[in-house]
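1. Any chance you could fold what I've pasted below:
(chains A and B)
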Amino acid sequence: MSNEVAILGAGMTAWGKEGRYFASYGVEAARGALADAGVDWRDVQFIAGGETVRNGYPGYVAGSTIAQALGWNGARVATCYAACASGAQAIDVARARILAGLSDVALVVGADTTPKGFLAPSGGERRTDADWLRFRLLGATNPTYFAFYARRRMELYGSTERDWALVKIKNAKHGLSNPRARYRKEVTVEDVLASPMVSDPLRLLQVCTTSDGAAAVVLSSLEYSRSRGADPVRVSAVSTITPTYPQTIIEMPYLATDSAAVAAPPERLFRDAIAHAAYQEAGIGPEDLDLAEVYDLSTALELDWYENIGLCKQGEAERLINDGDTALGGRIPVNPSGGLACFGEAVPAQAIAQVCELTWQLRGQAQGRQVEGARVGLSINQGLFGHGSAVICVR
Amino acid sequence: MPDAAPAVDGWFTTTDQPSLVGARCSTCGTYLFPPTAVFCPNPACDGTDLERVELSRTGTIWSYTINHYAPPPPAVSPDPYEPYGVAAVELAREQLVVLGKIADGADLDALTVGMPVELVVEPVIPGSDEVVWKWRPVP
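-> So this is what the prediction gives:
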């Protein structure tokens, strides 16, 4: 039995900072995906929403909020929160219902409106919440954690700010022709190295910003897609794993790692394991990929992902970016969409946006940034509190 | 600092030689910090007796950063703003990494990965009436 589901349609808003109500972005993306699929909203049997904590109660029940905004159609509903992995979790839930035969066609939507500046914890005084405490006790913003990982690369592999600037330059170039990218401007090494220091060693142009935006996909059973005569992009794996004890790499928003005093660290560290689980499920390996969309919260983190998804061995990512292997036209293009460097993160939408890009790439519709002949793509990210997120799409 | 209160209760001592307070599972022996779990976090262990223990007072820097922008609330910052360090510190005996701010007055430009540090307790920011643990480079 196939464990695949079809992607009938993909839709996305342009990413920006307009400050609109989050559900209005969600409806725009959902309508785009439905139109692309040629599916009437009233025929959708299940809707899964990525939750946002930033928009009050309607954000907590995003699936239902967007269903109401689209016009109640009686669909069953779920809302998923897994931080940056929320979208993958929503896709996974929809896929499970479809594979179980409980629904034929599902809509998955994520939408967010973010404030200016650092992402911050929810309000109130919450001294039992690690996310609140890391800010209050330590001033440990998200870039603080990104900087820890970046400095490890410097220490272990001699990674440099210039290597990371090459990631920014590549992604900026990729995003130039993406109509949905928020930033469409080339940058130089000098621009990057002259930008203000945020969390040493990461400068402003080495970390992603926060954005408003929404993304949606319409999923269905292969049977349903065949009945419509479609030759769809298919989802062949969704990896929503958690870490394995002891998790020995500091994970946002925690204040400490697990202890390896009595239990040996797992064979694969968490980010490696997220990719491995996806490859296992799809029955493929990194050598089969034509492109990847990885979560470049920082430029240095993109280099970590090259190794995590098996594009090269540990410590070799700097060579890949310097050789142009991951640029469009290279051996294995990474972030042809422009990545977070051009979009900024709209948290619950982001994993879905990655899948939209895979869909357009595998259909040959990624105008101006097309990976020629792409048949297999992987997207990957990680949500705070230990949420894995990877999707493999094939055509 | 007679009026200073711990910013969080029960996570560190405030003696002359302060230390973090973690927990140790009396069944499997693993350590954890903070000491808030009720059950052992080791999935191979069904222990429920988590004994409070003082963690190593010294460790080495696994990684660190210096934050040049003021963090958002509920973080607190001095006015005028001063960049501050945050380190992830490896404790050898417990084999875990604990975060902490770098102690006030430390030379942030001199920080390195692998540098030895010791635990101190200081106001969260200068003048604050709340104290927290921090890591101070050992000369």
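
2. from what I can see residue A:240 touches residue A:388, true?
-> Yes - with contact defined as CB atoms under 8 Å, residue A:240 reaches residue A:388; the gap is 5.7 Å. (Glycine included, C-beta is placed from N, CA and C.)

3. Next, show the common contact partners of the two.
-> Here residue A:240 and residue A:388 share the contacting residues A:85, A:88, scored by CB atoms under 8 Å, 6 or more residues apart in numbering or on different chains.

4. so which helix or strand takes in the closest residue to residue B:74 other than its chain neighbours?
-> Nearest residue to residue B:74, sequence neighbours excluded (CB to CB, 6 or more residues apart in numbering or on different chains): residue A:136, at 4.5 Å. Using DSSP states H and E, residue A:136 maps to helix A:130-138.

5. ok, then the element right after that helix?
-> Taking DSSP H and E, what comes next after helix A:130-138 is helix A:142-157.

6. so how far is that next one from its chain's centroid?
-> Relative to its parent chain, helix A:142-157 has a centroid offset of 20 Å by CA atoms, centre = their mean, to the nearest Å.

7. what does stretch B:85-96 give?
-> With CA atoms, centre = their mean, you get 9 Å for stretch B:85-96.

8. So what would you say the end-to-end distance of that stretch is?
-> One end of stretch B:85-96 to the other measures 20 Å (CA to CA, to the nearest Å).

9. strands paired with the lengthiest strand in chain B, and their directions?
-> Secondary structure of chain B per DSSP state E: the longest strand is strand B:58-67. Strand pairing for strand B:58-67, determined by DSSP bridges: strand A:197-200 (antiparallel), strand B:84-91 (antiparallel), strand B:116-123 (antiparallel).

10. which of those is buried the deepest?
-> Burial of the strands paired with strand B:58-67 is given as mean neighbour count (mean count of other CB atoms under 10 Å in any protein chain shown); strand B:84-91 ranks first at a mean of 25.

11. how much does the helix or strand containing residue A:305 deviate in direction from helix A:142-157?
-> If you go by DSSP H and E, residue A:305 is part of helix A:299-308. Using axes from the mean of the first three to the mean of the last three CA atoms, to 10 degrees, the inter-axis angle of helix A:299-308 relative to helix A:142-157 is 60 degrees.

12. and helix A:299-308, what does it pack onto?
-> helix A:142-157, helix A:161-175, helix A:270-282, strand A:291-294, helix A:317-323 (3 or more CB pairs under 8 Å, 6 or more residues apart in numbering or on different chains; DSSP states H and E).

13. Which among these is found nearest to chain B?
-> helix A:142-157 (3.6 Å; CB to the nearest CB).

14. if we look at the closest one, which residues are touching it?
-> Under the contact criterion CB under 8 Å, 6+ apart, helix A:142-157 has outside partners A:118-119, A:138, A:159-160, A:164, A:198-202, A:206-207, A:250, A:252, A:297-298, A:300-301, A:303-304, A:314-315, A:317-318, B:62-65, B:67, B:86, B:88, B:113-114.

15. State the number of residues packed around the nearest residue to residue A:231 once chain neighbours are set aside.
-> What sits nearest to residue A:231 in space, not counting adjacent residues and going by CB to CB, 6+ apart, is residue A:395, at 7.6 Å. Residues near residue A:395, counting by other CB atoms under 10 Å in any protein chain shown, number 18.
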